[in-house]
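Q: Fold the following and give me the result.
(chains A and B)
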Amino acid sequence: MASPLTAGFCELVFNSAEAPEGVEPILQILSVKKINAPGASGQDRYRLILSDGKHFIQAMIATQLNPMVESKEIDKNVLIKLTGYVTNAVQGRKLVIILQLETVPWNGEKIGNPTNLEQAQNAGGASNQSTSAAAPAPVVKQEVGGFQARQQSNAGRGGAQARAAAGGRGKQEVGPLYPIEGLSPYQNKWTIKARVTQKSDIKHYSNQRGEGKLFSVTFMDETGEIRATGFNEAVDNFYNLLEEGKVFFISRARINIAKKQFSNVNNEYEIMFENQTEIEPCDDDSVPQVKFNFKGIDDLGNTQKDELCDVIGIVKEVGELGSVTSKATNKPFAKRDIQLVDSSGHSVRLTLWGKQAETFQADDQPVIAFKGVKVGDFGGRSLSMFSSATMSVNPDIPEAHALRGWFDAEGRNTQFQQYTSAMNNAAGASGAAGGVKPSEIKTIGEAKDEGLGMSEKTDYFTTTATIAFIKQETFSYPACANPEGCNKKVVDDGSGWLCEKCDKKWDAPIHRYILSLNVMDHTGSFWITLFNDQAEQVLEVSANELMRLKDEGSDINSYFQKATGKTLTLQMMAKQDSFNDQPRVRYTCRKANVPDYRADSAHLINLINQMNV
DNA sequence: CCCCCCCC
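A: Here you go, the predicted model:
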């Protein structure tokens, strides 16, 4: 019986510089193995050993074919027809990269007794390397993950390849067209067709190694994105050529391992432009526009500080334009904070800087997609936009439309959960791991009944309650007057107020609140502690001023009376504590707000809707 | 080979 396999294919690959043109071989899979090195996008990668009945050869499959491995369509002894592939030499070894394949019906038996072609060839001592001057295109007839029309555009490329051929240097100067996802340091001949989605300014630097300049761009195609950097001469050669938004062919550049801490580009590798790098503009506009890798606002607790991420949200509030002076350079910077919310019900502050802060306008609560914003831990979690980040207002992408729909239908009336700095110390900064979430609305009765603050973990919750009583006897403590902000308790030793921490003596302390309030709602009451900022907000007088009035014998009772009866929405922390060896819960108020009755009502409507009546 | 990106 004739073998269904394409006899001689392995030898053909081994002896050709590029994939054999027009050949769609049928091969048998001898083994499937997951390799340890992740793919460009961090996905699993699989290596196959393929047999033509006589020899076997190694192959990698593009990650879009991974599901076929997982479903066992790609498995040992299965016959496959390669309908899209390229070949590559890696340190003298040949590798087939499969972009598209079809399975061929077969009874599951192994065919023939194939041997390792490389060993056979090397043992024979003969090098049959092709000296063909032709530059065959890779075989891709149908759509491969959006790589349709590759052959046409590749062939129509004209530029680098045609010039190389005209230069009479024999071998093609550039490799076949690759998906960005398929790039790795182990391949040297490739061309990508990609859009520039971001281009940096030219940056000049000077360090021990000397002076220089550099710029970077992000390239994107249907399969992924990759960052590319050019130094010195590459800046002169390519900076003006590479325009944001335009499509280019790029070849003959180096692939390095990406330094991920400096980039949010979703690729294990990055491109380094070299002197022989070739970049040619491309008219084909089919390459997609921008690729986001959104992180939900509620998920920012699971990111590390300083990590870069993409976030999409509704601009709920726009802060005033402000200015700060950089500690490092003493230079002033314009800044503007905005509040972003998404359908997770969480909100986060995002800071814009410089020109972007000055010109930012969003009075109609638009959707904005941010790319490459930096996560900070101020106030639990915050975001900061810097020069390499980009923003798209009301982008035409599904995530944006979904968010718009959600916000207009219900999000408008949602009370959003804010990050709090206490979450930096709490187990699991997301606030979701174990402890009650800060925005979870509880009545006082529920907080007690559910035993919040009774476990090892600190619980956070929000409650709306009315001040029933404020303890007047002790409302403050004498604190260190250091203008840098120390706030430690100081003691009067007769010659002044000593701060042990600052090792300084002050003529007078600054009094700070530790205020005990009894607050109640329709379910019960509890004692809570307010520290300086919250207490000052409630009493509308500073502790220092109140202490001065008290010391001069004025009646300060009116301040406490004025605050009593106020109803506030309190962001609470419930923490285990002990008093006279008895365990008890200490309730601390982290933030007091005027109630948002609209949001509270929306919460109640939610609860009503959940009732089974 | 850069990689700083600001403040509370």
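
Q: rest of the way, CA atoms for contacts and neighbours
A: Noted.

Q: Starting from A:Gly212, give me the distance back to A:Cys10.
A: 47 Å (Cα to Cα, to the nearest Å).

Q: which of those two has more neighbours?
A: A:Cys10 (25 against 13; other Cα atoms under 10 Å).

Q: Looks to me like that one is in a strand.
A: No: A:Cys10 is assigned helix when assessed by DSSP: H, G, I helix; E, B strand; the rest coil, not a strand.

Q: which residues touch it?
A: The contact partners of A:Cys10, by Cα atoms under 8 Å, 6 or more residues apart in numbering, come to A:Ser51, A:Asp52, A:His55, A:Phe56, A:Ile57, A:Leu117.

Q: Any part of stretch A:406-425 near DNA strand B?
A: No: contact of stretch A:406-425 with DNA strand B (Cα under 7 Å from any atom of the strand) is absent, the minimum separation being 10.9 Å.

Q: Phi and psi next, for A:Pro332.
A: As for A:Pro332, its main-chain torsions (degrees, to the nearest 10) stand at phi -80, psi 150.

Q: which ones are touching it?
A: A:Ser323, A:Val324, A:Thr325, A:Ser326.

Q: Give me the nearest residue to the third one, chain neighbours excluded.
A: With Cα to Cα, 6 or more residues apart in numbering as the criterion, A:Thr325 has its nearest non-adjacent residue at 4.2 Å, and that residue is A:Pro332.

Q: just for the stretch 151-300 of chain A, where's the confidence low?
A: Within the stretch 151-300 of chain A, the ranges that satisfy pLDDT under 70 run A:151-175, A:261.

Q: chain center to the lengthiest helix in chain A: distance?
A: If you go by DSSP state H, chain A has its longest helix at helix A:597-610. How far helix A:597-610 lies from its chain's middle: 33 Å, per Cα atoms, centre = their mean, to the nearest Å.

Q: That one - what's its average pLDDT?
A: Average pLDDT, helix A:597-610: 76.

Q: got the buried residues for that helix?
A: Within helix A:597-610, the residues that qualify as buried are A:Asp600, A:Ala602, A:His603, counting by 16 or more other Cα atoms under 10 Å.

Q: Stretch A:17-27 now?
A: A:Ala17, A:Glu18, A:Ala19, A:Pro20, A:Val23, A:Glu24, A:Pro25, A:Ile26, A:Leu27.

Q: Can you add pLDDT and give these back as JSON lines?
A: Below are the buried residues of stretch A:17-27 laid out as JSON lines (pLDDT from 0 to 100):
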{"residue": "A:Ala17", "pLDDT": "74"}
{"residue": "A:Glu18", "pLDDT": "74"}
{"residue": "A:Ala19", "pLDDT": "74"}
{"residue": "A:Pro20", "pLDDT": "77"}
{"residue": "A:Val23", "pLDDT": "88"}
{"residue": "A:Glu24", "pLDDT": "92"}
{"residue": "A:Pro25", "pLDDT": "95"}
{"residue": "A:Ile26", "pLDDT": "96"}
{"residue": "A:Leu27", "pLDDT": "97"}
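
Q: would you turn those into TSV with distance to A:Glu450 and secondary structure?
A: Converted to TSV, the buried residues of stretch A:17-27 look like this (distance: Cα to Cα, whole Å; DSSP: H, G, I helix; E, B strand; the rest coil):
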residue	distance to A:Glu450	secondary structure
A:Ala17	71	coil
A:Glu18	69	coil
A:Ala19	67	coil
A:Pro20	70	coil
A:Val23	69	coil
A:Glu24	66	coil
A:Pro25	67	coil
A:Ile26	65	strand
A:Leu27	64	strand
